[in-house]
Structures are given as structure tokens and as C-alpha cells.
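Q: Mind looking at a prediction? Sequence and model below.
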Amino acid sequence: MDPKRDTRKPSNLHRVIKFYEEHAKDYDKDYEEDNWRLYDDLTWHFMAPYIPAVDPAVAGTRGAPVALDAGGGTGKWSIKLAKLGFRVTCTDISRQMLDQARAKAAVEGLEGRIDFRLLDARDMPGIASESCDLVLAVGDLVSYALDDDLVVGELFRVCKPGCHCIASVDNTFSYLILQLKSERWELIDDLLDNKVTDYSSPHPVRTYLPADLGALFERHGFAVEQVAGKPVITNTVSKRVRRLKLEQHYEELLELEKRFGADPAFVGHGGHLQIAARKPA
């Protein structure tokens, strides 16, 4: 399906596509900052326990486990999984983002291990049901698509029984704090009622509290195994102070985030939320 021609219902896609078309070439530069490096390190830390091991004898071959990186963008996680030996399908709605991912995979010599597809995650008929040993949607795909039931339904469909899906979303709490700091009182009721906002974002996003996120995955049949916040401590200080502290004490702050990120007392403070859910065998 060409996502630009999908007219089933009003959606967010045209604004998301436009943003990534304009920023694809420079997109990865943002993640060179310590704040986003921390975010990536936490994404991988909370993801790693749910990544199945790959037998070295089949790594990179047709017998290797299959991973879907939905909304994979410039291929950051697809490339890491391919290096572990997975056969990876990296999907995105932006052709320009996939072009960047292909170029990076070529530099790494991984072209044969990653299949890049222009796809709308709400409808992925080209990916067979129960064909993926690992399913990722960690670039806030669920938040950006708005049609979260369609997306999570597809993630459940393609996931093999007994295997895991890992996804990240925007946290309602973090947007609430932004609006309070800016004294945008008129926006707060709408955020809390509808959980959708485009405040400080180039396109609307659907936000979640930890309980909302768990309920979304459970109603599609997943068993939730973990919800973590990313980050839960460093995002509570001002950007200027945060930047300085990360420059001086990156490893110490990373260890604190790893320690408390999945603690139920801290999860709700996360800038983003990450869920690990298993499709029952």
C-alpha cells in the first residue's frame, strides 16, 4: 500500500511523512547529543533481555530468526539486529528515511540481511502472520500513527506465538509538564481528555500513561512483561543543567536510569515509555 494514497480515515500520516522527508538527511545528527545518546542507550538496555539469541551457525542465513523493525527510519536498530545475525525487515512510511537506512546498511556490508519496505504500519499485508521472532516499534510509531489499535493489531498479527514485541510511545505526563511550564492552561484539559497533542511537535502525537499503554497491548492479546520510562531522572532538570551533567557524569546518570527506569515508582516520569509484551504461545 502506498501510504500517501490511504484515504480510509483522517490520519496523521501526511504531516509525519512531510516532516521526515524534510529531515531525513540530518535526522541522525540529533542523536549525537548526550541527551539522545542516553535515550538510545536506555532503549537498547530495556530491549536487550527480550531479544532472542541467534545461533552463530545460522546467523544471517535463511535459517536465522526474523525481526521486524516497524517505523525503522534510518535503520539504527535494524543494523544492530542484523549484526547480531537476524534477518531484518525495516519498514517506514518515508522513502527518504529508508534511503538513509539503505546507505548505512551498505557501508556496514549488511545489504543482504535487511529488507527495506515502504509500508504503513496500520496495514502490512506483505508481512506474513506469525512470521517474526521479534517485533520492534521503538521510534514512537504507535504514537505517531494515531490509529493505535490498527498498529498494535498488526504488530500482534505478525509476531510469532511466544515471541516479543517492543514498542515506545510518548508519555502524557511529559507533555502535561511542558504545558504547565509554558502556562498553556487551555491545552491541559484536551490533552488529558483525548491524549492527543501537537504541542511542541511538528505533527500530532497520541500520548499514554503507563496503564493506558499496558491496556492497549493487552486488549490485542499481548501479555505485558515490562513498561519502562526513558529517561526518568535526567529529564526532571532543566535542559541547560541536564546538558552539563550529562557531559560530566554520563555513565553515572546512565546507571541511575537503568536502575530506576522500570521501577513502577519512577516509570510514569519518563519522557517516553517503552513496553515489552509477549504474544502467548
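A: In hand now; what should we look at? Residues are numbered from 1 along each chain as shown.
Q: how near is the nearest residue to I51 once chain neighbours are set aside to K239?
A: The spatially closest residue to I51, leaving aside those adjacent along the chain, is L134, at 6.1 Å (C-beta to C-beta, 6 or more residues apart in numbering). To be clear about C-beta, it is placed using only N, CA and C from the backbone, and glycine gets the same treatment. As for L134, its distance to K239 is 34 Å (criterion: C-beta to C-beta, to the nearest Å).
Q: higher neighbour count, the two?
A: L134 (23 against 9; other C-beta atoms under 10 Å).
Q: Taking the chain centroid, which residue in this protein is the extreme one?
A: Residue distances from the centre of the chain (C-alpha atoms, centre = their mean) peak at A57, which lies 29.9 Å from the mean C-alpha position.
Q: Okay, and G126 sits in which element?
A: In the assignment (DSSP states H and E), G126 maps to no helix and no strand.
Q: for it, what are its contacts?
A: With contact set as C-beta atoms under 8 Å, 6 or more residues apart in numbering, G126 has these partners: R117, L119.
Q: What backbone torsions are found at it?
A: In this entry, G126 is assigned phi and psi values of phi -80, psi -10 (degrees, to the nearest 10).
Q: so how far is A70 from it?
A: Relative to A70, G126 is positioned 12 Å away (C-beta to C-beta).
Q: Now do the shared contacts for the two.
A: L119.
Q: follow-up on the earlier one: part of a helix, is the residue nearest to I51?
A: No: the assignment for L134, made by DSSP: H, G, I helix; E, B strand; the rest coil, is strand rather than a helix.
Q: my guess is the residue farthest from the centre of the chain is in a helix, correct?
A: No: when the secondary structure is assigned by three-state DSSP, A57 falls in coil instead of a helix.
Q: by contact count, what packs against the helix or strand of the chain with the lowest mean pLDDT?
A: Scoring the helices and strands of the chain by mean pLDDT, DSSP states H and E places helix 13-23 at the bottom, with a mean of 84. Using 3 or more C-beta pairs under 8 Å, 6 or more residues apart in numbering; DSSP states H and E as the contact criterion, the secondary-structure elements in contact with helix 13-23 are helix 95-108.
Q: Run through who's touching the biggest helix by length in the chain.
A: With residue count as the measure and DSSP state H as the assignment, the chain has helix 239-260 as its longest helix. In this structure, residues lying in contact with helix 239-260 by C-beta under 8 Å, 6+ apart are 34-35, 37-38, 41-42, 45, 230-235, 237, 266.
Q: repeat for stretch 37-51
A: Residues from elsewhere that reach stretch 37-51 (C-beta under 8 Å, 6+ apart): 31, 76-77, 80-81, 84, 134, 136, 138, 164, 166, 168, 225-226, 228, 230-231, 234, 246, 250, 253-254, 257-258, 261-262, 271-272, 274, 276, 278.
Q: what about 6 Å?
A: Contacts of stretch 37-51 with the rest of the structure, by C-beta atoms under 6 Å, 6 or more residues apart in numbering, involve V138, H164, I166, A228, K230, P231, L254, E257, K258, Q274, A276.
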